[in-house]
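Novice: Quick one, what's the 3D model for this:
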Amino acid sequence: MTTDFSGNAQAMSLVGFSAVATITLLLCVMTGPDRDDLDEFYTGYSSLSPMRNGLAIAGDYISAATVLGTGGVIALFGYDGIVLALSTALSLMLLMFLLAEPLRNAGRFTMGDALTRRMPGRAVRIAACAVTLAALLPLMLVQLAGTGQLMAFILGFSGESLQTGCIIGVGALMISYAAIGGMKGTALIQILKIVMLLGSGTVVAVLILHRFDWDPGALFDAAARNSGVGSAFLTSGLQFAGGPSPDLDMITAQLTVVLGGGVLPHVTMRMYTASSARQVRRSMSWAVSGVALFVLVITVVGFGATALVGRELIARVDPQGNTAYLLGSQAAFGADVSSAETFLFTTVTTAVFLTLLASVAGMILACANSLAHDVFAARVREMSPRREMTVARLSALGVGVPAILLATQVQHRSLQPLVTLSFCLGASAIAPALVYSLFWRRFTRTGLLSTLIGGSLAVLLLMPGTNLVSGSPVSAFPEADFNWFPFTTTGLLSIPLGFACGWLGTMASGRRKSEEQRHQYEAVEGWILAGAVRRDH
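Specialist: You can find the predicted model right below:
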């Protein structure tokens with residue numbers, strides 16, 4: 001089958017993209033803060049209902065890297081892709097059951113607030129901001145670079161200058177969302193995105209299952225036959241078969257996703273928008289339900305792409321498989337496409353485009369909030385709300401512009417190392433810091449800084465040596481080979497190191513410091529674990 005889209009589909013997609021950009025920007029203008037109130041800008045006054053807040057959390061959590069990347073892994077590697085999708089859902093469930101309520105109780109606006117509930121100090125806030133930027137900037141580059149590739153693929157142009165122009169234009173739009181809309185404006189965009197994504201994806205999944213007489217087994221068998229690898233497509237290890245320890249590599253990769261996905265700052269910031277512990281529980285129930293439905297949809301569409309298009313053709317269009325979701329959606333309609341089916345396919349492409357927009361807007365907002373609140377506002381003893389909001393908006397510009405420039409430089413390389421870097425930082429630095437801070441009574445400031453800095457350094461030192469960066473035809477630098485760490489993620493070493501740094505830093509602080517921290521923790525334990533008192537800074 002052809003991978004080219006008809007002129008009608010391209011024209012409708014362009015109209016859909018333009019309409020979405022206009023409507024979402026208008027939404028941000030209409031719902032953005034109309035006065036200088038920090039609670040309104042950072043949390044939207046916690047005014048969203050649990051259902052809407054849950055959909056916004058799911059929207060923030062399901063990024064374009066998840067839609068396109070996970071769909072590609074499912075289409076190219078079958079069983080391994082399903083495990084990756086399930087690990088993504090499991091990560092959000094861990095956040096729901098373990099961290100969501102304590103985070104909401106301990107924090108106010110940012111991750112720095114949650115960490116300094118027990119350990120006030122500017123050093124902690126600066127370290128939290130630095131890790132926030134380090135974890136989210138790579139993901140921003142992936143979404144922005146993906147924008148140019150997606151537009152070129154759907155609209156049928158190949159000029160590098162046009163792709164760069166798309167990145168710059170869409171990046172400017174994303175900065176506007178974060179600066180103008182604040183938390184409430186970006187939440188509405190996330191809700192619109194998740195409804196469109198799940199709605200259109202569910203229809204496509206139903207169409208694919210209909211083509212296989214509603215028999216998932218027939219779909220899986222057809223995908224295995226059309227994969228070129230036979231039954232290996234339906235067993236574990238295909239994705240990591242080239243490495244020296246494929247089973248260990250797979251386990252480490254899934255553990256990194258489970259521990260790192262749910263704690264990334266653009267997801268955890270949504271915990272602070274819930275007005276009570278009960279509200280955060282109900283919000284997370286909606287979020288987990290939305291992500292679980294997405295896992296089902298992406299599995300059917302990914303296998304449908306392999307069954308109907310073929311693994312070889314998918315890999316030829318994009319070695320990473322990032323176009324598999326769109327190719328599977330296109331193939332679901334068959335050879336003769338009606339006007340209604342063209343409209344539905346336009347809805348799918350527009351939903352993916354909106355996913356790119358909303359994902360980066362949420363990440364820019366998380367970074368801007370951390371810069372303004374944790375670094376600049378903490379430096380000035382009494383910064384007025386008007387000034388802090390101005391700083392936050394300028395921070396959105398300060399984060400967004402370098403991200404756009406960097407994205408134009410990496411757009412033609414494999415972006416998988418950047419996605420993996422973000423998840424590794426989440427699993428190795430942020431997860432240990434949050435777990436220790438929220439639950440370990442004797443945890444000290446030295447232990448916290450050791451965890452944030454040590455876990456991050458371990459990832460940054462190990463990542464260049466992985467096989468995603470060099471040493472293979474699909475790595476970021478296929479012409480080079482400085483692969484000395486034979487795994488696709490750093491988690492095997494960096495996750496234990498992150499937890500060990502926190503423990504060693506606390507032990508090095510001495511018994512007296514640990515006892516002081518234990519008493520300080522006991523003073524706020526009721527607030528953090530049970531929400532006994534509404535946090536008020």
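Novice: Could you check how far the closest residue to residue 442 other than its chain neighbours is from residue 447?
Specialist: In this structure, residue 442 finds its nearest non-sequential neighbour in residue 514, 4.1 Å apart by Cβ to Cβ, 6 or more residues apart in numbering. C-beta: built from backbone N, CA, C; applies to glycine. Between residue 514 and residue 447 the computed distance is 9 Å (Cβ to Cβ, to the nearest Å).
Novice: likewise residue 107?
Specialist: For residue 107, the distance to residue 447 - Cβ to Cβ - is 19 Å.
Novice: quick one: which of the two has more around it?
Specialist: The neighbour count for residue 107 versus residue 447, taken as other Cβ atoms under 10 Å, is higher for residue 447 (29 against 22).
Novice: show me what contacts that one?
Specialist: Applying Cβ atoms under 8 Å, 6 or more residues apart in numbering, we find residue 447 in contact with 436, 501, 502, 503, 504, 505, 506, 509.
Novice: Mind pulling the model confidence for it?
Specialist: Listed pLDDT for residue 447 reads 93.
Novice: What residues sit buried inside the helix or strand where it lies?
Specialist: In this structure, residue 447 is located in helix 445-462 according to DSSP states H and E. For helix 445-462, burial by neighbour count (16 or more other Cβ atoms under 10 Å) applies to 445-460, 462.
Novice: what do you get for stretch 377-393?
Specialist: Neighbour counts over stretch 377-393 (16+ other Cβ under 10 Å) mark 377, 378, 383, 385, 388, 389, 391, 392, 393 as buried.
Novice: I'd like these as TSV, with secondary structure appended.
Specialist: Output for the buried residues of stretch 377-393, formatted as TSV (DSSP: H, G, I helix; E, B strand; the rest coil):
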residue	secondary structure
377	helix
378	helix
383	coil
385	helix
388	helix
389	helix
391	helix
392	helix
393	helix
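Novice: hang on, the earlier thing: just the contacts of residue 447 now: which is nearest residue 526?
Specialist: Set against residue 526, the nearest of the contacts of residue 447 by Cβ to Cβ is residue 436 (18.8 Å).
Novice: returning to what we had before: which residues touch the residue nearest to residue 442?
Specialist: 442, 444, 506.
Novice: Let me know the pLDDT of the first one.
Specialist: pLDDT, residue 442: 87.
Novice: Assign it to helix, strand or coil.
Specialist: Classification of residue 442 using three-state DSSP returns coil.
Novice: what's the burial count for it?
Specialist: Number of residues near residue 442 (other Cβ under 10 Å) recorded here: 18.
Novice: What's the separation between it and residue 31?
Specialist: From residue 442 to residue 31 the distance is 44 Å (Cβ to Cβ).
Novice: Could you do the second one as well?
Specialist: When Cβ to Cβ is the yardstick, residue 444 and residue 31 sit 42 Å from each other.
Novice: Which one of these two is surrounded by more residues?
Specialist: Per other Cβ under 10 Å, whichever of residue 444 and residue 31 has more neighbours is residue 444, with 25 against 19.
Novice: List the residues that contact the closest residue to that one other than its chain neighbours.
Specialist: Sequence neighbours aside, residue 509 is the residue nearest to residue 444 in space, at 4.1 Å (criterion: Cβ to Cβ, 6+ apart). Residues in contact with residue 509 (Cβ under 8 Å, 6+ apart) are 444, 445, 446, 447.
Novice: I'd like the distance between the last one and residue 146.
Specialist: Taking Cβ to Cβ as the measure, residue 447 falls 38 Å from residue 146.
Novice: The first one too?
Specialist: Distance, residue 444 to residue 146, using Cβ to Cβ: 41 Å.
Novice: show me where the stretch 201-350 of the chain has helices.
Specialist: All helices of the stretch 201-350 of the chain, identified by DSSP state H, counting those that start in this stretch, fall at 216-225, 246-260, 265-268, 277-308, 311-317, 324-331, 339-370.
Novice: what's the closest of those helices to residue 174?
Specialist: With Cβ to Cβ, the closest approach to residue 174 among the helices of the stretch 201-350 of the chain belongs to helix 339-370: 4.4 Å.
Novice: Tell me what angle the closest one forms with helix 277-308.
Specialist: Comparing the axes of helix 339-370 and helix 277-308 via axes from the mean of the first three to the mean of the last three Cα atoms, to 10 degrees yields an angle of 130 degrees.
Novice: Between helix 324-331 and helix 339-370, find me the angle.
Specialist: Helix 339-370 and helix 324-331 are oriented at 160 degrees to each other (the same axes, to 10 degrees).
Novice: Can you list the buried residues in helix 339-370?
Specialist: Neighbour counts over helix 339-370 (16+ other Cβ under 10 Å) mark 341-342, 344-370 as buried.
Novice: Against residue 11, how distant is the residue lying closest to residue 50 once chain neighbours are set aside?
Specialist: The shortest distance from residue 50 to any non-neighbouring residue, by Cβ to Cβ, 6+ apart, is to residue 282 (3.6 Å). Distance, residue 282 to residue 11, using Cβ to Cβ: 42 Å.
Novice: ok now do the closest residue in space to residue 77 that isn't next to it in sequence, which residues does it touch?
Specialist: Take residue 77 and drop its neighbours on the chain: the residue closest to it by Cβ to Cβ, 6+ apart is residue 239, 4.1 Å away. Residue 239 makes contact with 73, 76, 77, 80, 81, 250, according to Cβ under 8 Å, 6+ apart.
Novice: The fourth one - that's part of a helix, no?
Specialist: In other words, residue 80. Yes. Assessed with three-state DSSP, residue 80 lies in a helix.
Novice: Thought residue 235 was touching it, still the case?
Specialist: No. Using Cβ atoms under 8 Å, residue 80 is not in contact with residue 235, being 9.0 Å away.
Novice: before we move on, back to that, next one: the residue nearest to residue 77, what pLDDT does it get?
Specialist: So, for residue 239, pLDDT stands at 84.
Novice: Ok, residue 44 next?
Specialist: At residue 44, the pLDDT value in this model is 67.
Novice: and what of residue 111?
Specialist: On pLDDT, residue 111 comes in at 89.
Novice: How much space separates it from residue 127?
Specialist: Look at residue 111 and residue 127: by Cβ to Cβ, they are 10 Å apart.
Novice: swap in residue 191?
Specialist: Counting by Cβ to Cβ - residue 191 and residue 127 are separated by 32 Å.
Novice: ok, now residue 78?
Specialist: Distance of residue 78 to residue 127, computed by Cβ to Cβ: 41 Å.
Novice: same thing with residue 369?
Specialist: In terms of Cβ to Cβ, residue 369 sits 16 Å off from residue 127.
Novice: Out of residue 78 and residue 127, name the residue with the larger neighbour count.
Specialist: Neighbour totals were compared for residue 78 and residue 127, and residue 78 leads with 27 against 23 (other Cβ under 10 Å).
Novice: How about the contacts made by that one?
Specialist: Residue 78 touches 223, 224, 227, 233, 234, 238, 303, 306, counting by Cβ under 8 Å, 6+ apart.
Novice: Residue 204 too?
Specialist: For residue 204, the contact set (Cβ under 8 Å, 6+ apart) comprises 297, 301, 304, 328, 329, 332, 344, 348.
Novice: if you set the cut-off to 6 Å instead, what comes out?
Specialist: 301, 329, 332 (Cβ atoms under 6 Å, 6 or more residues apart in numbering).
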